[in-house]
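> The sequence and its predicted three-dimensional model are supplied below.
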Amino acid sequence: MRAEARVVAESDGLGGTRLPVLRGESPLLLRRTGPRTGTGVTVHLVGGAAGPLRGDELRLEIEVGPGAWLEFRSVAASLALPGRSFLPASRLTVVATVAAGGTLRYLPEPLIAAAGCDHVAVTRVDVEEGGALLWRDELVCGRHGEQSGDVRADMTVRYAGTTIYRHELSVGPAAPGWSGAAVLGNGRAAGTVISAGPGTATPANPGTVVSAGRGTVTPASPGTVAPVSPGTVAPASPGTVAPVSPSTVAPASLGAYSMSAVPGSDAAAMPLAAGGLLLSAIGQDVRQVSAILDAYCMTHPTAHPRTLTPV
């Protein structure tokens with residue numbers, strides 16, 4: 001099966017956001033949800049068919065223009081399923097762009113790698129300087145009581161022309177060592193949140209972050225993230241250090257986070273180039289991972305659409 005979906009969010013010139021493009025093909029069906037008033041728009045992905053299955057080629061495009069605010073969610077978890085063994089791996093390609101002054105919150109439900117699946121997830125995100133991004137991904141290795149299928153995730157995030165995040169993860173029988181200490185260890189679920197742009201990592205209520213479930217995220221030493229020299233951010237790649245431009249968020253304003261103990265899970269936060277932040281969590285149950293990520297996402301400054309000035 002081949003299918004494409006595309007959503008374009010742009011300022012309506014009156015302080016709100018409109019969707020001039022909202023189209024999809026099964027199984028990638030897009031629906032506008034939530035109130036029709038306010039400055040932002042929410043879109044949900046609805047699965048119109050089972051899968052992805054081997055041989056599926058799916059593509060999702062998201063475009064957020066200047067002054068627009070878009071929250072992208074899904075109504076349920078995605079389940080990567082096995083298919084005919086002679087077919088190529090299923091593939092989902094997600095391409096997102098955010099213009100200066102635009103905001104994108106990408107918060108779908110987890111991807112579940114059912115036993116026997118063979119799936120490739122490719123993500124490319126490009127944010128202009130002055131744009132705001134909150135991007136969340138979660139992966140569950142197998143359904144309850146079964147082994148994980150094969151999933152290969154390849155993600156790149158660029159901010160203001162600089163690559164701030166480049167990551168590949170392979171799990172399942174075709175990835176030797178994936179359940180070892182160097183990858184997921186005994187974890188059955190993994191999740192990440194990437195934040196970039198204005199307001200990155202600053203809690204909605206300074207000095208506090210809401211506890212979700214059994215996971216609690218608490219600020220560490222105020223105004224610090226890591227021992228990074230003033231005026232610089234963490235290296236995007238070994239041996240390089242990106243300078244902080246006046247319009248980006250310096251690490252000193254990020255606010256560091258430490259995760260209190262959540263039984264069966266591990267989590268870490270680290271600064272990225274251009275003032276970004278990466279929050280990662282691994283757990284034996286996706287609920288443990290979600291508890292940590294929820295706490296951060298619920299208090300992120302992008303959670304409330306900014307007031308836009310009418311053009």
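Yes, it's here.

> buried set for stretch 150-170?
Using 16 or more other Cβ atoms under 10 Å as the test for burial, stretch 150-170 gives 150-153, 155, 157-160, 162-165, 169-170. C-betas here are computed from N, CA, C, even on glycine.

> Spatially, which two of those residues are the most separated?
Spanning the widest gap among the buried residues of stretch 150-170 are D150 and A160, at 34.9 Å by Cβ to Cβ.

> ranges for the helices of the stretch 151-300 of the chain?
Taking DSSP state H, counting those that start in this stretch, the helices of the stretch 151-300 of the chain run over residues 286-299.

> Pass me the low-pLDDT residue ranges in it, would you?
201-265 (pLDDT under 70).

> Make sure L104 is indeed in a strand.
Yes. When DSSP: H, G, I helix; E, B strand; the rest coil is applied, L104 is found to be in a strand.

> Check what pLDDT it gets.
L104 is assigned 97 on the pLDDT scale.

> G51 contacts P27, correct?
Yes. Counting by Cβ atoms under 8 Å, P27 is a contact partner of G51 at 5.9 Å.

> what residues are shared contacts of those two?
M1 (Cβ atoms under 8 Å, 6 or more residues apart in numbering).

> Counting neighbours around each, name which of the two comes out higher.
Legend: neighbour count by other Cβ atoms under 10 Å for G51 and P27, higher for G51 (23 against 20).

> ok, the more buried one - contacts?
Counting by Cβ under 8 Å, 6+ apart, G51 touches 1, 27, 79-81, 90.

> cool, T192 as well?
136-138, 167, 278-281, 293.

> out of those residues, which is most surrounded?
A281 (28 neighbours).

> thinking that one is in contact with A267, fair?
Yes. If you go by Cβ under 8 Å, A281 and A267 touch, sitting 4.1 Å apart.

> ok, now how distant is A181 from A153?
20 Å (Cβ to Cβ, to the nearest Å).

> meant to ask about T17
T17 is 29 Å from A153, by Cβ to Cβ.

> What does the pLDDT read for R36?
The per-residue pLDDT reported for R36 equals 77.

> Ok, S78 next?
pLDDT recorded at S78 is 94.

> got a list of what the residue nearest to it when sequence neighbours are not counted touches?
Among residues not flanking S78 along the chain, L111 sits closest, at 4.8 Å (Cβ to Cβ, 6 or more residues apart in numbering). L111 makes contact with 77-78, 80, 119, 121, 137-140, 151 under the criterion Cβ under 8 Å, 6+ apart.

> switch the cut-off to 7 Å
L111 makes contacts with 78, 80, 121, 139, as judged by Cβ atoms under 7 Å, 6 or more residues apart in numbering.
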